[in-house]
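Colleague: predicted model follows, preceded by the sequence.
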Amino acid sequence: MNNQSAQMPVIRRVAIVGSGLSGLTVGIRLQQQGYEVKVFEKSRGPGGRLAAKRVPGGSADVGAQYFTSRNPKFLPFLREFAGDQSFAIWPGRFGFLDETGNWGSFPDEPRYVGTPRMTAITRAFSAHLDVTAETRVERLERSDHQWLLVDAEGNSLGEFDQVIITAPPAQAQTILTNSQLPELAGELEEPVQKVLPCWAVAAHFEKAPWSQHEGIRVEHPVLYWLANNSSKPGRDDHGHWWVLHANPEWTEQHVSTPAERVAELMVDAFRNLTGTNAEPDELITHRWLYARSRDGNQPGHLWFADDSIGIAGDWLSGGRVEGAFNSACSLVAAMTAGR
């Protein structure tokens, strides 16, 4: 694998595939250094794992539940490009429940959330960039010393000097395979095998079903995480929206189970675990095929200088939300070394 920077002429035109936190951070950082950047997003809008579902009266965070800031550059970057109003500390009570039913403590550190929803951060970031949504990049084609991007319908998306892919490893591998780049695609074989799926359910209750904690990490045959979404700052919805995440093993066993049945099973597990008799009056489900990554080789980023292709994402730098920022910054440093 060629993961080292090389002396290159100044590159001005860059395509970024994916508008999650890592892709938008790469774009903003490169623009600061004089690059012309264009971002392509297959969904309707930016967000990636900072995802939220619209619900009556507000929204529910179905992806990343919060983020920490251990890199001293992360919060200043958020304040500069997303604004102070786009995130806040979540002053919730957090606990860990092991498989024997014993409670343990959570790490004592500030936890932040986007306000009024997690996507507030990525939407604010995207305002600084040229983002084309609802466009799936299918492959890259060599055009002299540039890359021509082609969408799923065979339409040309333009020529670029460099391409940065910030999609999950399975989707990045597909793009590289379609682009006749088997060696680069092969570099993602291990990461693809380590990506874990996750079923997420947002359940609405008229009355609080649980009052002991706002966030719970559990070791359970069905569930992995429970959170009172309505307790997060900026959420003014009526009643109580709880977000439930299934554990990876259970999700893999039910990856093709109808969403309605998944919601039923997960809510039953929630009620049994918390001891509540409350019944939800509304349910929303979301299946994450690429939720997070098992531990593995995490070099921060991948930079293939000979091909002018880079890869960034939280899965390359610890898996946390902040890891997406760290991965993006390390990739930009490699790309611009020696300029």
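Modeller: Arrived safely, thanks for sending.
Colleague: how are the helices of the stretch 201-339 of the chain distributed by residue range?
Modeller: 248-253, 259-274, 321-336 (DSSP state H, counting those that start in this stretch).
Colleague: check these for me and report the most buried one.
Modeller: helix 321-336 (a mean of 23; mean count of other C-beta atoms under 10 Å). In this view, the C-beta of every residue, glycine as well, is placed from N, C-alpha and C.
Colleague: of the helices of the stretch 201-339 of the chain, give the one that comes closest to A127.
Modeller: Comparing the helices of the stretch 201-339 of the chain by their distance to A127 (C-beta to C-beta), the top pick is helix 321-336, with 17.3 Å.
Colleague: what mean pLDDT does the closest one get?
Modeller: For helix 321-336, the mean pLDDT works out to 97.
Colleague: could I get the CA-only coordinates of that helix as CSV?
Modeller: The C-alpha coordinates for helix 321-336 follow below in CSV (Å, rounded to 0.1, in the frame of the first residue of the first chain):
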residue,chain,number,x,y,z
VAL,A,321,-17.4,11.0,15.8
GLU,A,322,-14.3,12.9,16.6
GLY,A,323,-12.4,10.2,14.8
ALA,A,324,-14.0,11.5,11.5
PHE,A,325,-12.4,14.9,12.2
ASN,A,326,-9.1,13.4,13.1
SER,A,327,-9.0,11.2,10.0
ALA,A,328,-9.9,14.2,7.7
CYS,A,329,-7.2,16.4,9.2
SER,A,330,-4.5,13.7,8.9
LEU,A,331,-5.5,13.0,5.2
VAL,A,332,-5.3,16.7,4.4
ALA,A,333,-1.9,17.0,6.0
ALA,A,334,-0.6,14.1,3.8
MET,A,335,-2.1,15.6,0.7
THR,A,336,-0.6,19.0,1.2
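Colleague: helices or strands up against that helix?
Modeller: Packed against helix 321-336 by the contact rule (3 or more C-beta pairs under 8 Å, 6 or more residues apart in numbering; DSSP states H and E) you find helix 21-32, helix 74-81, strand 302-304, strand 309-311.
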